[in-house]
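[1] Any chance you can model this:
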Amino acid sequence: MADNTPPQNAAKPVPKPMPRPTPGPVPSPAAIRPGTPKAPAIGGEDLGKAREFGRVADDNTVFVRTAGGERVVGQYPNASAEEALNYFARKYADLAAQVVLLEQRLAAGAPAHDLRSTVKQLAETLPEAAAVGDLDSLLGRVEAAKARIDELEASQNAAAQDAKAAALAERTALVERAEELAAADPAKVQWKTSSAQMAALFDEWKALQASGPRLARSADAELWGRFRKARSAFDKHRREFFVSLDQRNAEAKKVKQRLVEAAEALQNSTDWAETTHEYRRLMDEWKASPRAGRKDDDALWAKFRGAQDVFFAAREEQNAQLDAEYEKNLEVKEALLERAEALVPVKQLGQAKAELRAIQDEWEEAGKVPRSQMHKVESRLRAVENALSAAEDREWNRSNPEAKARAEGALSQLDDSIAELEANLAKAQDKGDAKAVAAAEEALTARKAWREQVVKAAADFS
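    Modelled structure (predicted):
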């Protein structure tokens, strides 16, 4: 068996710290899956397990045992064998911690590219590492991690493709919303709301560009071109709309300024009836005219309304003065109404007509009454006039000889018809003809009813 003890005069290797691979981001405790190995603590038990894979020669040269045989890892002079083994066991613990960290990051789904770099560095370092411990086990765990990294990379690539597809769909939908806003009829757009929506879409685009998955250059350029074109078209339509709106507002302002001038020219008129009619015409024209800008429209309306108020306030004041003057006329007409209403019901038609004519003459001489009472008093007088007119019609009908003669002739004809029907009824009864009896009775009943009406009418002529 070969003697692996170095010669006494061999140069003593100086132990140097092993270079550590640069680790990637350390995952948070929440990201570490259950069951993931933990880094060994640097304590007596763990160091004891690591020391089982090494030995110390008399000259304090330290060896490690691997599957490929025993090899020198270094020399630790001026120390006990236990101290020398502990020193290199701690080096192993550092390497084991790096392997555990690799496994933790792998379990947490760290970027496969970063993990692959760590695996490569560990795979190169472990076979010649100046450390005492189960290096073969660490190397096996690194190889196992390497195989899992391939799976992780495939999964991450698929997820990245899915994320890009989702990002492409999201940005395409965003562009389509912008194009929809740009294609809307400018005359029907609520510009304040739509402008806020377009601004929000642009902010969303910038946010996706900053934090979302990167798209292929061609797709990104094509979508941005469409979005920029939609924004430009939207802004152009907005500018054109407001230019056109300003023009319409200016024209409307001119129309309403003319109406204001016409209203102000009439405000001091005392031609009450004609000016009232003219103000109504101006109001109709105002309602039919287009709206100016809100500020201008409100200001012009205030002036227009103010001119109307001046005129109508003056008219109301004039009416109030006239009503005060007409109160005495009202007293006169109310007294005349008492005399007129005493004629109803009509007893002496001729006398009543003469009295009503006298009342009507005095009525005209009394003059106007307050506007609020005009309809009331006129209605009362008209009711008396209608009552006398009806009485006159009744009197004329009673004295009409032609109507009286017609009534008497009709009565004679009905008497003859009734006598004939009574004879027919008697014959039908003698024959026992029930049908003929019923017909005769029905006709006889009708003729007698007519006779009663004629008799009543004839009484009016007596």
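
[2] Next one: residue 104 from residue 119, what distance?
    Distance, residue 104 to residue 119, by Cβ to Cβ, to the nearest Å: 14 Å. C-beta here means a position set from N, CA and C on the backbone, and glycine is covered the same way.

[3] again with residue 62
    Counting by Cβ to Cβ, the gap from residue 62 to residue 119 is 27 Å.

[4] what's the domain layout of the chain?
    Taking automatic domain parsing as the domain assignment, the ranges for the chain are 35-159, 164-247, 250-303, 322-398, 401-459.

[5] how about a markdown table for those, with mean neighbour count and distance to residue 309 added?
    Formatted as a markdown table, the domains of the chain follow (neighbours: other Cβ atoms under 10 Å; distance: least, Cβ to Cβ, whole Å):
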| stretch | mean neighbour count | distance to residue 309 |
| --- | --- | --- |
| domain 35-159 | 17 | 75 |
| domain 164-247 | 14 | 31 |
| domain 250-303 | 14 | 8 |
| domain 322-398 | 14 | 20 |
| domain 401-459 | 14 | 63 |
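
[6] List just the one of those that sits closest to residue 310.
    Of all these, domain 250-303 sits nearest to residue 310, with 4.0 Å by Cβ to Cβ.

[7] where exactly do the strands run in the chain?
    Secondary structure of the chain (DSSP state E): strands at 54-56, 61-66, 69-75.

[8] List the pairing partners of the last one within its sheet, with orientation.
    Put plainly, it is strand 69-75. In the sheet, strand 69-75 lines up against strand 61-66 (antiparallel) (DSSP bridges).

[9] Quick check: the gap between residue 296 and residue 288.
    According to Cβ to Cβ, residue 296 and residue 288 sit 18 Å apart.

[10] Check the spatially most central residue of the chain and give its pLDDT.
    Centroid-nearest residue in the chain: residue 193, 11.0 Å away (criterion: Cα atoms, centre = their mean). Note for residue 193: predicted pLDDT of 91.

[11] which stretches of the stretch 201-350 of the chain have low pLDDT?
    By pLDDT under 70, the stretch 201-350 of the chain contains no weakly predicted segment.

[12] Same check on the stretch 51-200 of the chain?
    In the stretch 51-200 of the chain (pLDDT under 70), no residue qualifies.

[13] Tell me where this protein has helices.
    Here the chain has its helices, by DSSP state H, at 44-51, 81-108, 112-125, 135-183, 191-211, 217-266, 272-288, 294-341, 349-366, 371-398, 401-431, 434-459.

[14] Residue 71: which of those helices is closest?
    Of all those, it is helix 135-183 that lies closest to residue 71, at 9.9 Å by Cβ to Cβ.

[15] orientation of that closest one relative to helix 112-125 in degrees?
    Angle between the axes of helix 135-183 and helix 112-125 is 160 degrees (criterion: axes from the mean of the first three to the mean of the last three Cα atoms, to 10 degrees).

[16] by contact count, what packs against helix 135-183?
    If you count contacts as 3 or more Cβ pairs under 8 Å, 6 or more residues apart in numbering; DSSP states H and E, helix 135-183 packs onto strand 61-66, helix 81-108, helix 112-125, helix 191-211, helix 217-266.

[17] Tabulate the strands of the chain in a markdown table, adding columns for distance to residue 274.
    Shown next, in a markdown table, are the strands of the chain (distance: least, Cβ to Cβ, whole Å):
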| stretch | distance to residue 274 |
| --- | --- |
| strand 54-56 | 125 |
| strand 61-66 | 123 |
| strand 69-75 | 123 |
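
[18] looking at those, which is closest to residue 424?
    Per Cβ to Cβ, nearest to residue 424 of the strands of the chain: strand 61-66, 151.5 Å.

[19] still on that earlier bit, distance-wise, check the residue nearest to the centre of the chain relative to residue 200.
    Counting by Cβ to Cβ, the gap from residue 193 to residue 200 is 11 Å.

[20] next one: residue 285
    Computed as Cβ to Cβ, the residue 285 to residue 200 distance reads 43 Å.

[21] Please tell me how far the residue nearest to the centre of the chain sits from residue 199.
    11 Å.

[22] wait, which of the helices and strands packed on helix 135-183 is closest to residue 183?
    Nearest of these (Cβ to Cβ): helix 217-266, 7.9 Å.

[23] Show me what that closest one packs onto, helices and strands only.
    helix 135-183, helix 191-211, helix 272-288, helix 294-341.

[24] tilt between the first one and helix 44-51?
    Between helix 135-183 and helix 44-51, the angle formed by their directions is 110 degrees, by the same axes, to 10 degrees.

[25] Check the shortest one too.
    Our comparison of helix 272-288 with helix 44-51, counting by the same axes, to 10 degrees, yields an angle of 40 degrees.

[26] Work out the gap between helix 272-288 and the centre of the chain.
    Offset of helix 272-288 from its chain centre (Cα atoms, centre = their mean, to the nearest Å): 40 Å.

[27] Check stretch 190-206 too.
    Centre-to-centre, stretch 190-206 and its host chain are 16 Å apart (Cα atoms, centre = their mean).

[28] repeat for stretch 181-201
    15 Å.

[29] how far does that stretch stretch from start to finish?
    11 Å (Cα to Cα, to the nearest Å).

[30] Stretch 46-57 now?
    22 Å.

[31] Check what contacts that stretch and list those residues.
    Applying Cβ atoms under 8 Å, 6 or more residues apart in numbering, the set of residues contacting stretch 46-57 from outside is 5-6, 40, 62-66, 70, 73, 76, 81-82, 84-86, 88-90, 92-93, 132-135.

[32] Near the nearest residue to residue 279 once chain neighbours are set aside, how many other residues are there?
    Closest residue to residue 279 apart from its sequence neighbours, by Cβ to Cβ, 6 or more residues apart in numbering: residue 308 at 5.8 Å. Neighbour count for residue 308, taken as other Cβ atoms under 10 Å: 18.

[33] My read is that residue 308 contacts residue 267, right?
    Yes: counting by Cβ atoms under 8 Å, residue 267 is a contact partner of residue 308 at 7.5 Å.

[34] joint contacts of those two?
    Contact criterion Cβ under 8 Å, 6+ apart; residues shared by residue 308 and residue 267: none found.

[35] hang on, the earlier thing: would you mind telling me which of the domains of the chain is nearest residue 314?
    domain 250-303 (7.4 Å).

[36] check contacts around residue 122.
    Each residue near residue 122 by Cβ under 8 Å, 6+ apart is listed here: 21, 95, 98, 99, 102, 138, 142.

[37] For the fifth one, give me its contacts.
    Which is residue 102. When contacts are taken as Cβ under 8 Å, 6+ apart, residue 102 is in contact with 115, 118, 119, 122, 142, 145.

[38] could you redo the last one with a cut-off of 7 Å?
    Applying Cβ atoms under 7 Å, 6 or more residues apart in numbering, we find residue 102 in contact with 115, 118, 119, 122, 145.

[39] any idea which of those residues is the one closest to residue 214?
    residue 115 (21.4 Å).

[40] For residue 248, see how far away that closest one is.
    Relative to residue 248, and taking Cβ to Cβ, residue 115 is found at 68 Å.
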